[in-house]
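**Student:** Okay, sequence plus prediction incoming.
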Amino acid sequence: MDNHCLEDPEEIKQIDKADMLKFCLNMSKHYRKATSLAADITVKYAKPCNIIIAGMGGSAIGGELLKDWAREKIHVSIEVNREYHLPVYANKRTLVLVTSYTGDTEETLSALLDAIKKKCMIYCITSGGLLLEIAKQLNIPHLQVPAGMPPRAALPYMLIPLLVFLEKIGLASDISKEIDEALPIIEGIEKQNAVEIPVKNSLIKTLAVNIEGFIPAIYGFGIYSSVARRFKQQINENAKMMAKWDNLPELDHNEVVGYEKTKGITSQFVVIFIRDKDEPIEIRSRIEITKNLIEPSVAGIYEVWSQGENGLAKMLSVVAVADFLSNYLAILRKVDSTPVKTINKLKDLLKKDGTKEQVIKELEKILVCYDFCGLCDKTVSDTPTTYGNYIP
């Protein structure tokens, strides 16, 4: 294969027309900016009994990363809601973190409507759109982040504020310490895999060359389950490739059997295991045994090792690798990373069913009631401008 395109800045510009790669090369700067913005978050809620993060796609993955990171750190359950409606248990003691980068995602707007009706504590993170308009008009606490990015590139702004929010509400601590460790690691990955670095000197470019033309299966564990999901999603959207993800130890109870009698199919797979120098012995054993079992059936097995000591640094180091890898795969395939034509076409077709318009009408009714009487008890709350335990 001709790998010259991965070393030619001019050819990369011709392929990557909207310059998606710049978000990888400036990733650490965006994390710094997101940290600065999140410092302004003000929390006036009591500690919740549970937390729901409502979002979709690139806006939801921050919630998944938060959930895995928080699993052994906080004593409040966290659920990521990728549905039009919230779980039935959501109530005024539930904190709903509404995340939509564009602010116009219909599923997320529907979840916001549900949160308002259920009198949940609500905090919104968005760059604009209807979500920002609703938050401003209903006096819902919110953070406005920079606009103008593809949602999948805005991860720093959809993750860091969630972490800071948990700290400010008293559920987490030492967030700044973990961010401070992660930043130089990300900067190192940026430098080691920059456009001008030869393929032979870049682990990520080399991996891209090895797996291009195959279907990647990314396997994580523990805090890397959501990282594996992000890995898969980035390959889907940036490289326009099929990919899949799963996690250990669960995949050893089902997926591993799928390699037994499907060699013709699985010979098109390459498997990427996410590794950690501190991984538990039981996980390390499973990975090595699983590798040996499936190796005869796949085109190749590779490993991506995390960097750092704290959970956040480790997770974000692999996320950085995934982002770079997906973009370099796109360049190898001569496809522009930024456009997501199928998603846009799907959204246009969904407009015909009128779901989003109905959600907007319901939200508009609430706005009218708010303007008239300050959210009467027939719509949202028992007292004007009150959300859960929030007092403006």
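**Tutor:** Received the coordinates, thanks.
**Student:** use CA for all of it now, contacts and neighbours both
**Tutor:** Fine.
**Student:** if I look at the closest residue to Lys67 other than its chain neighbours, how far off is Ile52?
**Tutor:** Once flanking residues are discounted, Lys67 sits nearest to Ile78: 5.9 Å by CA to CA, 6 or more residues apart in numbering. Going from Ile78 to Ile52 by CA to CA, to the nearest Å gives 6 Å.
**Student:** Asn238 too?
**Tutor:** For Asn238, the distance to Ile52 equals 28 Å [CA to CA].
**Student:** who has more neighbours, the two?
**Tutor:** With neighbours defined as other CA atoms under 10 Å, Asn238 and Ile52 compare such that Asn238 has more, 26 against 23.
**Student:** Pretty sure that one sits in a helix.
**Tutor:** Yes - assessed with DSSP: H, G, I helix; E, B strand; the rest coil, Asn238 lies in a helix.
**Student:** Tell me where the stretch 201-350 of the chain has strands.
**Tutor:** 215-221, 244-248, 269-275, 300-305 (DSSP state E, counting those that start in this stretch).
**Student:** before we move on, what SS does Leu171 have?
**Tutor:** Applying three-state DSSP: Leu171 is coil.
**Student:** give me every residue that touches it.
**Tutor:** Lys47, Ile74, His75, Val76 (CA atoms under 8 Å, 6 or more residues apart in numbering).
**Student:** Kindly indicate whether the third one is helix, strand or coil.
**Tutor:** On the three-state scheme (three-state DSSP), His75 is labelled coil.
**Student:** Packing partners of the host helix or strand of Ile51?
**Tutor:** Using DSSP states H and E, the element containing Ile51 is strand 50-54. If you count contacts as 3 or more CA pairs under 8 Å, 6 or more residues apart in numbering; DSSP states H and E, strand 50-54 packs onto helix 57-70, strand 77-81, strand 94-100, helix 106-117.
**Student:** again, only using 6 Å
**Tutor:** If contacts are counted by 3 or more CA pairs under 6 Å, 6 or more residues apart in numbering; DSSP states H and E, strand 50-54 sits against strand 77-81, strand 94-100.
**Student:** re the thing from before, mark which of the contacts of Leu171 are buried, thanks.
**Tutor:** Lys47 (16 or more other CA atoms under 10 Å).
**Student:** can you name the two of the contacts of Leu171 that are farthest apart?
**Tutor:** Largest separation among the contacts of Leu171 by CA to CA: Lys47 and Ile74, giving 11.7 Å.
**Student:** center of the chain, which residue is that?
**Tutor:** Residue closest to the average C-alpha location in the chain (CA atoms, centre = their mean): Ile61, at 2.1 Å.
**Student:** Not counting its neighbours along the chain, what's nearest that one?
**Tutor:** Excluding the flanking residues, the one nearest Ile61 by CA to CA, 6+ apart is Arg230, at 6.7 Å.
**Student:** Just give the closest residue to Lys47, not the sequence neighbours.
**Tutor:** Lys47 sits nearest to Ile169 (CA to CA, 6+ apart), 6.4 Å away.
**Student:** Count residues in the vicinity of that neighbour, would you?
**Tutor:** 16.
**Student:** could you measure it against Lys92, distance?
**Tutor:** The spacing between Ile169 and Lys92, counted by CA to CA, is 16 Å.
**Student:** pLDDT at the residue nearest to Leu86 when sequence neighbours are not counted, what is it?
**Tutor:** Once flanking residues are discounted, Leu86 sits nearest to Ala111: 5.9 Å by CA to CA, 6+ apart. Here the pLDDT value assigned to Ala111 is 96.
**Student:** any idea which of the contacts of Leu171 is the one closest to Lys351?
**Tutor:** Val76 (37.1 Å).
**Student:** so what pLDDT did the closest one get?
**Tutor:** Reported pLDDT for Val76: 95.
**Student:** Surely it touches Ile51?
**Tutor:** No - shown here, Val76 and Ile51 do not form a contact pair, counting by CA atoms under 6 Å, at 7.1 Å.
**Student:** which residues does Ala208 contact?
**Tutor:** Leu325, Leu329 (CA atoms under 6 Å, 6 or more residues apart in numbering).
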